[in-house]
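Enquirer: 3D model of this:
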Amino acid sequence: LIMGCDKARVLKVAVICPAGVVETWKREIAEYRQGDWVAFVTSYDRAMGSDRRVLLYQEWDVLIVDEGHFAKTPTAKRTQSIYGKKCDLEVGSIAAKAGQVWVATATPMPNHPGELYTHLRALHRSAVTSDRTGNVWPAEQFNHHYCAMKHTGFGYKIVGSKNEAELNRKLDGFMLRRRKADVLKDLPPLTFGEVYLDCDVTGVDFAEAEIERKTLTEIGVDGLRVTEELPIHPVPVRRDQMGFVH
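Expert: Modelled structure (predicted):
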């Protein structure tokens with residue numbers, strides 16, 4: 001599923017993805033790229049740290065946020081780094097430097113509709129704007145409108161969804177969804193390949209990369225969604241190149 005997608009003439013692309021697939025992204029781009037364009041691929045942690053300067057220095061035609069549900073929490077540092085502190089593409093946010101932002105994920109709301117708010121606030125503002133007042137909803141109001149809430153005695157807890165038809169109408173044209181059953185006839189035969197991790201040249205943080213490697217080995221690609229909640233204690237490693245794929 002891709003959000004914020006539109007046709008574009010692309011020369012410079014930035015990709016933010018889990019550390020475990022950084023090298024896979026680079027190798028796939030190098031193998032299948034057609035045309036004269038370049039890509040800069042980095043992990044979520046490095047996008048918040050040592051690669052942030054590169055991402056903010058350039059003007060990107062397209063920013064691809066892979067496994068975009070990693071940026072579902074408004075108060076998370078990774079979300080604010082990409083979308084801004086208020087998820088409004090303020091100056092200093094990575095997404096503000098891109099002409100197009102494509103959020104790719106198979107699970108845009110892993111738990112409830114409230115997890116769509118950050119993407120909609122940043123990329124589809126009309127979907128979180130009150131028809132009555134014209135004001136943009138805060139996350140709490142969005143949650144109360146589209147999520148079934150239960151008061152626990154200590155506060156409200158999201159227990160489900162509501163107003164699904166209305167939300168679907170607002171997402172129409174903004175989200176592009178492709179189910180396996182719809183494209184099965186166009187898929188090539190199943191193949192197996194290696195997933196590469198580069199932890200000493202391009203500078204992927206070893207601790208983060210090790211978590212991604214173990215997850216891929218034991219669970220597979222679908223397991224990457226659970227790693228966003230795991231604590232990471234980065235170990236700095238040497239970096240001697242910008243990371244562009246030409």
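Enquirer: Helices of this protein, residue ranges please.
Expert: Listed in chain order, the helices of the chain (DSSP state H) span residues 22-32, 44-48, 52-57, 77-83, 117-123, 139-146, 164-171, 180-183, 206-218.
Enquirer: rank the ones you listed by pLDDT, which is bottom?
Expert: The minimum mean pLDDT among the helices of the chain belongs to helix 206-218 (a mean of 73).
Enquirer: Now do it: which elements does it pack against?
Expert: In this structure, helix 206-218 makes packing contacts with no helix or strand, judged by 3 or more CB pairs under 8 Å, 6 or more residues apart in numbering; DSSP states H and E. All C-beta atoms are positioned from the backbone trio N, CA, C, and that covers glycine.
Enquirer: tell me the angle of that helix relative to helix 22-32?
Expert: Compare the direction of helix 206-218 with that of helix 22-32 by axes from the mean of the first three to the mean of the last three CA atoms, to 10 degrees and you get 70 degrees.
Enquirer: how about the most centrally placed residue in the chain, what does it touch?
Expert: When CA atoms, centre = their mean is applied to the chain, the residue found nearest the centroid is G68 (2.1 Å). With contacts defined as CB atoms under 8 Å, 6 or more residues apart in numbering, the neighbours of G68 are M3, V103, A104, T105, P108, H119.
Enquirer: can you pull the pLDDT of F154?
Expert: So, for F154, pLDDT stands at 86.
Enquirer: ok, back up a step: deepest in the core, which of the helices of the chain is it.
Expert: Here the criterion is mean neighbour count by mean count of other CB atoms under 10 Å, and of those the winner is helix 117-123, at a mean of 25.
Enquirer: name the helices or strands packed onto that helix?
Expert: Using 3+ CB pairs under 8 Å, 6+ apart as the contact criterion, the neighbours of helix 117-123 among helices and strands are helix 77-83, strand 98-104, helix 139-146.
Enquirer: Mind putting the helices of the chain into TSV with distance to R132?
Expert: Written out in TSV, the entries for those read as follows (distance: least, CB to CB, whole Å):
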stretch	distance to R132
helix 22-32	43
helix 44-48	37
helix 52-57	37
helix 77-83	25
helix 117-123	18
helix 139-146	12
helix 164-171	14
helix 180-183	37
helix 206-218	44
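Enquirer: Out of those, flag the one nearest G99.
Expert: Closest to G99 of the helices of the chain is helix 117-123 (CB to CB; 12.4 Å).
Enquirer: hmm, back to that, for F154, find the nearest of the helices of the chain.
Expert: Between F154 and these, the shortest separation by CB to CB is 15.6 Å, and it involves helix 139-146.
Enquirer: Tell me which residues touch the closest residue to K170 other than its chain neighbours, please.
Expert: For K170, the nearest residue in space outside its immediate sequence neighbours is A127; the separation is 4.2 Å by CB to CB, 6 or more residues apart in numbering. The contact partners of A127, taken as CB under 8 Å, 6+ apart, are L120, K170, L171, F174.
Enquirer: what residues are up against the third one?
Expert: Neighbour list for L171: L116, H124, A127 [criterion: CB under 8 Å, 6+ apart].
Enquirer: Understood, closing this out.
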